[in-house]
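In: Dropping a prediction and its sequence here:
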Amino acid sequence: MTTWYDHAIIYQIYPKSFQDSNGDGVGDLNGIRARIPYIQALGVNAVWLNPIFTSPQVDNGYDVANYYAVDPQMGTMADMEALLAAFHAAGIHVILDFVLNHTSDQHPWFLDAVSSKDSLYRDYYIFAGQNGRRPNNWGSFFGGSVWAPDPAGSGQSYFHLFDRRMPDLNWANPEVRHAMQDVADFWLQKGVDGLRLDAFIHIAKASLDQDWPTAAGDDAPVVAEPFFANRPQVQDWLRPFCQHVKADYPDAMLLGEAASASVDLAAAYTAADNHLMDSVVTFRYFTEQAPAKAKLPAAYQPREMDWLAFKQGQATWQQTLQAPPTLYWSNHDMARLATRVAHGPVQARSLALLMYLQRGIPIIYYGEELGLENLALPDAAAFGDATVTDFLQQAKAAGVDDRQALAWVNATHKLPARGPMPWGDSVGGGGTAASGVTGAAGSPSQPAGTEPPTAAAARLRATAGFTTGTPWLDGTAQATATAAAQDVDPTSSLHFYRELIALKKRPLFAAGDYHLLSTSDNLYAYRRTLADSQALVVVNLGATPATLEAGLSGMTRRLTAGKVTRHGDHLTLAPYAGVVLTTHQD
């Protein structure tokens, strides 16, 4: 049975950073609604909203205090209902981020759980140990131990795979699984068209009475993923949940975040006869070269892509998954494409056509279509992340200049990738129905096509059109032309993405077969075929010109990034250039 999400093209919206409608510096639901014409003009047919639930915002909404209410900074339930209705009227489906591995420590369940060891909600969470001793040496993804002392002073500790203010739910408890079904039902009844299952691979944990093996005398916490990622019980516990959703809402999309899952596990999570997810997001696409400073943590050192390993990985995922794989370059958990990977706007566009015209479901991170880069945050404190402070201290000890080390963090950390959308027009959108932006360009003091000369102007550029106040994430923006400026520039990144998405909708790219070609190391080339239709996608990954000889008879150029010349069956691509050719009827 064919469903809408078999050919979904998803636009990821980080609500806090998309559009502020009331001047408090935080994006909101009414702001998103004002920008629906822009999203519609882009050509996507679905949006994924990061969490909008009531939250203390320790982790920007992934710490849920009430699954049944909208966070007041985002708006009201009436605003959410109006947003859903407006998206549906525009022919756009809505996927809601669903946080099911953990809650906030301010959630009523947890507050009751720590009120007494006899609480009815005690077993909704994971408590273990005694006399203040940690049960094991497992480490949190956010640093330190996964264990924090029970606030009630029982001598036990509670389990938190992420921040200590985000306790993990105990999915071994059937009541928890039933409660999560109830939450899903609530939002599906409201009209959401799908759920993105956040961190679902972590809902099962191994027996808690074991340490991860370490050298004698080493008692530092260890991120021991085999003990709390992709455990066999994940599928057993999640299957009834997924079947429950599909029984009542067969067209609902279930998109799983399977960050560290192998390709074989991803295939199992998405196999039709396994009754789990429709597709999953993996973090295993992006293979990088070794860091320059071996003695410093790799996470915050900019690294070049290992393109051969990338090609091998893409071939594996494309050929192994029966379900359509997700196709993406950026999201809220990583630095942006234009900062992390691309050497300039030409390569950013080439890599977009490389990725999104493959077999699968594109997920485009808000602002990527503008070539948006990471913000530059001013200091370690702006990140609110202990691992950043540790890295900067280690870098200083290793002789790295303070400014250089901070620049590295800004180029690699996920937080600067969540900067405000640079609309460049009046707050709240309006504009034409075709674009959702007005004719204004740049910032209020900058004409179209010019770059702001000062840091103050760069900051203004980052806020113009997003908010009249101070943005919740306050940094300086790189010189990216605003949405308003790009809307009236036919050579812009925005227009390129509109053309790319229109191509992706064609049957050849939506449903055609995929075949990766053998090429030189600095080329990435593949064919898509459907009946008598054929396409060739070629991208130069390197900084020198590259030539490909291929059968080009009867093929027409459809989309180009950078300079590409053709002589008979030879294509010569300038550095980082890319091209799409199709047979005439396509």
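Out: Noted; the coordinates are in hand.
In: Distance from the chain centre to stretch 245-260, please.
Out: The chain centroid and the centroid of stretch 245-260 are separated by 17 Å under Cα atoms, centre = their mean, to the nearest Å.
In: helices or strands up against the one helix or strand residue 536 maps to?
Out: Using DSSP states H and E, residue 536 falls within strand 533-540. When contacts are defined as 3 or more Cβ pairs under 8 Å, 6 or more residues apart in numbering; DSSP states H and E, strand 533-540 packs onto helix 345-356, helix 507-511, strand 523-530, strand 555-561, strand 570-573, strand 578-583. Using the backbone N, CA and C atoms, a C-beta is placed for each residue, glycine as well.
In: And the ones you listed: which comes nearest residue 69?
Out: Closest to residue 69 of the helices and strands packed on strand 533-540, according to Cβ to Cβ: helix 345-356, at 35.5 Å.
In: ok, residues contacting the closest one?
Out: The contact list for helix 345-356, computed with Cβ atoms under 8 Å, 6 or more residues apart in numbering, reads 327-329, 337-338, 341-342, 362, 364, 368, 371, 493, 496-497, 500-501, 504, 524, 537, 539-540, 559, 561-562, 574-578, 580.
In: what angle do it and strand 555-561 make?
Out: Interaxial angle, helix 345-356 versus strand 555-561 (axes from the mean of the first three to the mean of the last three Cα atoms, to 10 degrees): 120 degrees.
In: still on that earlier bit, could I have the strand holding residue 536 exported to CSV, CA atoms only?
Out: The C-alpha trace of strand 533-540 is given here as CSV (Å, rounded to 0.1, in the frame of the first residue of the first chain):
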residue,chain,number,x,y,z
SER,A,533,13.5,7.2,-18.0
GLN,A,534,17.0,7.8,-16.8
ALA,A,535,19.0,10.4,-14.8
LEU,A,536,22.7,10.9,-14.1
VAL,A,537,23.8,12.8,-11.1
VAL,A,538,27.5,13.7,-10.9
VAL,A,539,29.3,15.7,-8.2
ASN,A,540,33.0,16.7,-8.0
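In: so what strands line up beside it?
Out: strand 523-530 (antiparallel), strand 578-583 (antiparallel) (DSSP bridges).
In: Could you tell me how far residue 193 is located from residue 361?
Out: In this structure, residue 193 lies at 14 Å from residue 361, with Cβ to Cβ, to the nearest Å as the measure.
In: center of the protein - which residue?
Out: With distances taken as Cα atoms, centre = their mean, residue 331 lies nearest the centre of the chain, 2.3 Å away.
In: now the nearest residue to residue 148 once chain neighbours are set aside, what's its secondary structure?
Out: Closest residue in space to residue 148, ignoring its immediate chain neighbours: residue 164 at 4.3 Å, by Cβ to Cβ, 6 or more residues apart in numbering. Counting by DSSP: H, G, I helix; E, B strand; the rest coil, the backbone at residue 164 sits in coil.
In: With just CA atoms, put stretch 31-51 into PDB.
Out: Only the C-alpha atoms of stretch 31-51 are listed here, as PDB (Å, rounded to 0.1, in the frame of the first residue of the first chain):
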ATOM      1  CA  GLY A  31       5.300  32.600  13.900                       C
ATOM      2  CA  ILE A  32       5.500  29.200  12.100                       C
ATOM      3  CA  ARG A  33       1.900  29.700  10.800                       C
ATOM      4  CA  ALA A  34       2.800  33.000   9.400                       C
ATOM      5  CA  ARG A  35       5.600  31.400   7.300                       C
ATOM      6  CA  ILE A  36       3.500  28.600   5.800                       C
ATOM      7  CA  PRO A  37       3.400  30.400   2.400                       C
ATOM      8  CA  TYR A  38       7.300  30.300   2.400                       C
ATOM      9  CA  ILE A  39       7.400  26.600   3.200                       C
ATOM     10  CA  GLN A  40       4.700  25.800   0.600                       C
ATOM     11  CA  ALA A  41       6.600  27.700  -2.000                       C
ATOM     12  CA  LEU A  42       9.800  25.700  -1.200                       C
ATOM     13  CA  GLY A  43       7.800  22.600  -2.400                       C
ATOM     14  CA  VAL A  44       8.100  20.300   0.600                       C
ATOM     15  CA  ASN A  45       5.100  18.200   1.600                       C
ATOM     16  CA  ALA A  46       5.800  17.600   5.300                       C
ATOM     17  CA  VAL A  47       7.300  19.400   8.200                       C
ATOM     18  CA  TRP A  48       9.000  17.900  11.300                       C
ATOM     19  CA  LEU A  49       8.500  20.100  14.400                       C
ATOM     20  CA  ASN A  50      11.000  19.700  17.200                       C
ATOM     21  CA  PRO A  51       9.300  19.400  20.700                       C
END
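In: Show me how far that stretch is from its chain's centre.
Out: A distance of 15 Å separates the centroid of the chain from that of stretch 31-51, by Cα atoms, centre = their mean.
In: Also stretch 44-52?
Out: Computed by Cα atoms, centre = their mean, the chain-centroid distance of stretch 44-52 equals 11 Å.
In: now swap in stretch 303-314 and tell me
Out: Its chain's C-alpha centre and that of stretch 303-314 lie 19 Å apart, by Cα atoms, centre = their mean.
In: same question, stretch 85-96
Out: Distance of stretch 85-96 from its chain centroid, counting by Cα atoms, centre = their mean, is 19 Å.
In: Can you get me the start-to-end distance on it?
Out: Here the two ends of stretch 85-96 are set 14 Å apart, with distance taken as Cα to Cα, to the nearest Å.
In: Same question for stretch 93-105.
Out: So stretch 93-105: terminal residues 32 Å apart, Cα to Cα.
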